[in-house]
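>>> coordinates for the following, if possible.
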Amino acid sequence: MIAFLEHTYFGNTLIRYLVFIIIIIIAAVVGKIVFYISRNVLQKKAARTKNRIDDLLVQTLEKPLVFLIFIIGLSIALKTLTFSSSADTFFGNVVEIILTIDIFWFVIVFIDALIVNYVAPLTAKTKSDLDDVLLPVVRKIVKVTITCLAIIIIFDNFGYDVTSLIAGLGIGGLAFALAAKDMLANLFGGVTIMTDKPFKLGDRIKIESYDGIVEDIGLRSTRLKTLDGFQLVVPNATIANSILENVTKEKSRKVKMNIGVEYSTSMQKMKEAKKIIEEIVIKNEDTDDKSIVSFNMFGESALNFLIIYWIKNLDNILNAQHNINMEIKRRFEKAKINIAFPSTTVYLKK
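Numbers count the residues shown, from 1 in each chain. As a prediction, the model looks like this:
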C-alpha cells in the first residue's frame, strides 16, 4: 500500500496529493467551525452591545473570513506539491488574485453596510427627496469603484502595465460619455427635478400635450398615469427643457365660456340673462365669489355673453361646470330666454 502511494504522477507522489487534499479538507472544516462560532456566538454577543458597528463587522466579516481560511489552506497545500517555476508562479498569482478578491469583497460589503445602516437613516429624516434617490446611485458607484480598483490590482499581479490600462479606461470613459450623452442628459434632468422640485409624487402635471398624475420620479425618467389610465414614461431631459404646468398647485381653475342668445331677445331679457348667470355662478359652492359676465359680441347668429368664473374646489371641476351649465339652461327656459344656435336667415324679395 505504501509502495503504491510512492508512485509519482506529474512530478509528485500520491502521498503528496493525499496530503494536499487533507489540508484542503481541514481548511474547509475549520472554516465551517469559524462560521458556526460567528453565527451562534459572536453575533449574539455583538447584539448585546449598544454599538452597532460591531454587529456590522461580525456580519460582514463572517463569509470573507471563512473564504480567507480556505485561501490559507490552499496556499499551505500548494507548498506540499512540487511544480515547475512557471507553474509555481502561476499558482502563486492565482492565490494572490483570490486573496485580493476576498479582501475587496469584505471592503465592499462592509462599506455598503455602513451606508445602509448609518447614511440611509440620515437621508430618510431630511425633507428633500434628492438624497433618497441619489443614495442607491452612490452605493453602486462605490461598489463599481472598489471593483475597478481590485481589477487593476489583479492585472498588476499578472504583470500588465497598469498605467496604460488606466489611460485606456480614461479614453474609454470619454467615448462612453459621448455615446451616452442622452442618458447623462436624463440623469442631470432628474437631479434638476429633485433640486428644483417643480412637482412631487401625486401631483397632476401637464407637459407638452400630456396630462397625468406623477407616480414615480427616477434619475432617468418620470412616470405619469394619464387621466385615461395609461402609464406614460417621460425622459427627465424632456421635462427639464419643457414648459410644465403643475395643475395641483392651482388655487382655482379659471373657466371661460360663451353663451349666445337669439337676436330677437329684448333688452330687458338681456339684462335678466346677465343677472341669472351671475347669480348661478356666485351661489355655486364650488366657485369663488367673483365672476365676469359681459355682453361682448354681436355674433353671426347670436348675441354673445362672455362668462368667466373660477372654481376653487379643484377636486370637483367637472361637476361644478356641469351644475352651472344645467342651472343656466333651466333658468333660461323658465325665463323664456332662447339660447341661439348657428342659423341663417334668408330674405326673399318679390
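
>>> run through the strands of the stretch 101-250 of the chain in chain order.
Along the stretch 101-250 of the chain, the stretches classed as strands by DSSP state E, counting those that start in this stretch are 204-207, 210-217, 221-226, 231-235, 244-246.

>>> kindly report the same for the stretch 251-350 of the chain.
253-261, 287-298, 303-311.

>>> secondary structure element for the nearest residue to residue 42 once chain neighbours are set aside?
Closest residue to residue 42 apart from its sequence neighbours, by Cβ to Cβ, 6 or more residues apart in numbering: residue 58 at 4.9 Å. Bear in mind the C-beta positions are built from the backbone N, C-alpha and C, glycine included. Assessed by DSSP states H and E, residue 58 sits inside helix 53-78.

>>> most centrally placed residue in the protein?
Computing the C-alpha centroid of the chain and ranking residues by Cα atoms, centre = their mean puts residue 218 first, at 2.8 Å.

>>> and that one, how close does it get to residue 49?
Per Cβ to Cβ, to the nearest Å, residue 218 is found 39 Å from residue 49.

>>> tell me which stretches of the stretch 101-250 of the chain form helices.
120-125, 130-157, 162-179, 181-196, 236-240 (DSSP state H, counting those that start in this stretch).

>>> just give me the lowest mean pLDDT stretch among those.
Sorting these by mean pLDDT places helix 162-179 lowest, at a mean of 62.

>>> ok, back up a step: any buried residues in the helix holding residue 58, and which?
54-75, 77-78 (16 or more other Cβ atoms under 10 Å).

>>> for the one helix or strand residue 16 maps to, C-alpha coordinates in CSV please.
If you go by DSSP H and E, residue 16 is part of helix 14-37. This file holds the C-alpha atoms of helix 14-37, laid out as CSV (Å, rounded to 0.1, in the frame of the first residue of the first chain):
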residue,chain,number,x,y,z
LEU,A,14,0.4,10.1,-4.4
ILE,A,15,1.2,10.8,-0.7
ARG,A,16,1.8,14.5,-1.6
TYR,A,17,-1.6,14.6,-3.4
LEU,A,18,-3.2,13.0,-0.4
VAL,A,19,-1.7,15.5,2.0
PHE,A,20,-2.8,18.3,-0.4
ILE,A,21,-6.4,17.0,-0.2
ILE,A,22,-6.3,16.5,3.6
ILE,A,23,-5.1,20.1,4.1
ILE,A,24,-7.9,21.4,1.9
ILE,A,25,-10.5,19.4,3.9
ILE,A,26,-9.0,20.6,7.2
ALA,A,27,-9.3,24.2,5.9
ALA,A,28,-12.9,23.6,4.9
VAL,A,29,-13.7,22.1,8.4
VAL,A,30,-12.0,25.0,10.2
GLY,A,31,-14.0,27.4,8.0
LYS,A,32,-17.3,25.7,9.0
ILE,A,33,-16.3,25.9,12.7
VAL,A,34,-15.5,29.6,12.4
PHE,A,35,-18.7,30.2,10.6
TYR,A,36,-20.7,28.4,13.3
ILE,A,37,-18.9,30.3,16.1
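
>>> and it, which residues are buried?
16, 17, 19, 20, 23, 24, 27, 31, 34.

>>> okay, the residues you listed in TSV with distance to residue 163 and pLDDT next?
As requested, these are exported to TSV (distance: Cβ to Cβ, whole Å; pLDDT from 0 to 100):
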residue	distance to residue 163	pLDDT
16	41	80
17	42	79
19	42	83
20	38	84
23	39	89
24	38	87
27	37	89
31	38	86
34	39	86
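
>>> where does this protein dip in pLDDT?
Where the chain drops to pLDDT under 70, the residues are 1-10, 126-134, 157-162, 164-184, 350.

>>> list the contacts of residue 108.
Counting by Cβ atoms under 8 Å, 6 or more residues apart in numbering, residue 108 touches 142, 143, 146, 147.

>>> domain assignment for this protein?
Here the domain parsing of the chain from automatic domain parsing is 15-176, 198-249, 253-334.

>>> dump the ones you listed to TSV, plus distance to residue 187.
Shown next, in TSV, are those (distance: least, Cβ to Cβ, whole Å):
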stretch	distance to residue 187
domain 15-176	9
domain 198-249	5
domain 253-334	33
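
>>> out of those domains, nearest to residue 348?
Nearest of the domains of the chain to residue 348, taken as Cβ to Cβ: domain 253-334 at 18.9 Å.

>>> end to end, how far does the closest one reach?
With Cα to Cα, to the nearest Å as the measure, the ends of domain 253-334 fall 29 Å from one another.

>>> quick one: it to chain centroid distance?
Offset of domain 253-334 from its chain centre (Cα atoms, centre = their mean, to the nearest Å): 46 Å.

>>> sorry, back to before: so which of the strands of the stretch 251-350 of the chain is the most surrounded?
Comparing the strands of the stretch 251-350 of the chain by mean neighbour count (mean count of other Cβ atoms under 10 Å), strand 303-311 comes out on top with a mean of 19.

>>> which strands border it, and is each parallel or antiparallel?
As defined by DSSP bridges, the strand partners of strand 303-311 come to strand 253-261 (antiparallel), strand 287-298 (antiparallel).
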